[in-house]
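Peer 1: Okay, structure incoming, though there's no sequence with it:
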């Protein structure tokens, strides 16, 4: 049975990969988040969960056929205040893992973000350069939008506000984002990875944040006049994202 290592695999998308793959592959998850690893271990007891920093992983000691590299610092405003940390993690440590995997003939699937297209933020720049590194080591790159209900998504923030009867905070009613469910993302990505595609862009839905907020309010049976607070676009945020560069073929 082929062995797949999910690096940074204890987050929302990583767990979806583990659920999708564990019946057909020997799946291991490497992550440095103690609580997330503990949660994953309870959910999928047949998946080996390893609590360790990714740069300390040894491919000769723990051989595998494929890695899915999900690990990254992602919080946009935090990246602007901690540029060095984002460069160190998203580029230096990521580069070491990619080089070691390539050296030991491991197939690589690198998970990227729409923020890597025409980047304006520290996070976006590191993901764009991360894609360059991935290409250097013959990796497949999967670039996608926001994962619905992930830890970094606005939806859990809104749902918490609803629980507390607080207004929903929205940056701008006209702002749009690409959204996709984690299970749909994984199914599309893995299918295209097995087909040998080097650039994988799953089909995401572009939605206005105001429409998304209205949907969440309907799900929670809240009235249409539920208070919404417009807080303005944050530094280094775009009004809309792109999934492809202009020169990339569809």
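Peer 2: Good, I have the coordinates. Nothing here was measured: the structure is a model prediction, and the numbers come from that model.

Peer 1: Not counting its neighbours along the chain, what's nearest residue 208?
Peer 2: The shortest distance from residue 208 to any non-neighbouring residue, by C-beta to C-beta, 6 or more residues apart in numbering, is to residue 176 (5.3 Å). (Glycine included, C-beta is placed from N, CA and C.)

Peer 1: Quick check: the one you found touching residue 239?
Peer 2: Yes - using C-beta atoms under 8 Å, residue 176 makes contact with residue 239 at a distance of 7.2 Å.

Peer 1: out of the two, which sits in the busier spot?
Peer 2: Counted by other C-beta atoms under 10 Å, residue 176 and residue 239 do not tie: residue 176 has more neighbours, with 18 against 11.

Peer 1: distance of that one from residue 170?
Peer 2: Distance from residue 176 to residue 170, counting by C-beta to C-beta, to the nearest Å: 12 Å.

Peer 1: Could I get the full set of helices for this structure?
Peer 2: 12-21, 34-43, 76-81, 83-87, 94-103, 122-136, 154-163, 182-194, 209-219 (DSSP state H).

Peer 1: Now do residue 65: how many residues are near it, please.
Peer 2: Neighbours of residue 65 under the rule other C-beta under 10 Å: 14.

Peer 1: now it: how far from residue 234?
Peer 2: Distance, residue 65 to residue 234, using C-beta to C-beta: 41 Å.

Peer 1: same thing with residue 59?
Peer 2: From residue 59 across to residue 234, the span is 39 Å (C-beta to C-beta).

Peer 1: who's more crowded, the two?
Peer 2: Neighbours were counted for residue 59 and for residue 234 using other C-beta under 10 Å; residue 59 has more, 17 against 12.

Peer 1: List the contacts of the more buried one.
Peer 2: When contacts are counted by C-beta atoms under 8 Å, 6 or more residues apart in numbering, residue 59 touches 100, 101, 103, 104, 106.

Peer 1: nearest residue to the third one other than its sequence neighbours?
Peer 2: To tie it back to what came earlier, the one meant is residue 103. Using C-beta to C-beta, 6+ apart, the closest residue to residue 103 is residue 59 (7.6 Å).

Peer 1: can you check the last one too?
Peer 2: Counting by C-beta to C-beta, 6+ apart, residue 67 is the residue found nearest to residue 106 once chain neighbours are left out, at 5.6 Å.

Peer 1: Quick check: that neighbour touching residue 3?
Peer 2: No - here residue 67 does not reach residue 3: they are 9.7 Å apart, not a contact under C-beta under 8 Å.

Peer 1: Give me the more crowded residue out of those two.
Peer 2: residue 67 (27 against 16).

Peer 1: Low-confidence ranges, the protein, go.
Peer 2: Scanning the chain for pLDDT under 70 picks out the ranges 1, 152.

Peer 1: Determine which residue of it is most distant from the centre point.
Peer 2: residue 225 (33.0 Å; C-alpha atoms, centre = their mean).

Peer 1: quick one: it from residue 211, how far?
Peer 2: Distance from residue 225 to residue 211, by C-beta to C-beta: 16 Å.

Peer 1: same deal with residue 29?
Peer 2: Residue 29 is 35 Å from residue 211, where distance means C-beta to C-beta.

Peer 1: More neighbours: those two, which one.
Peer 2: residue 29 (29 against 11).

Peer 1: shared neighbours of residue 176 and residue 170, anything?
Peer 2: residue 209.

Peer 1: Looking at the contacts of residue 59, state which has the most neighbours.
Peer 2: Counting neighbours by other C-beta under 10 Å, the top entry in the contacts of residue 59 is residue 101, with 24 neighbours.
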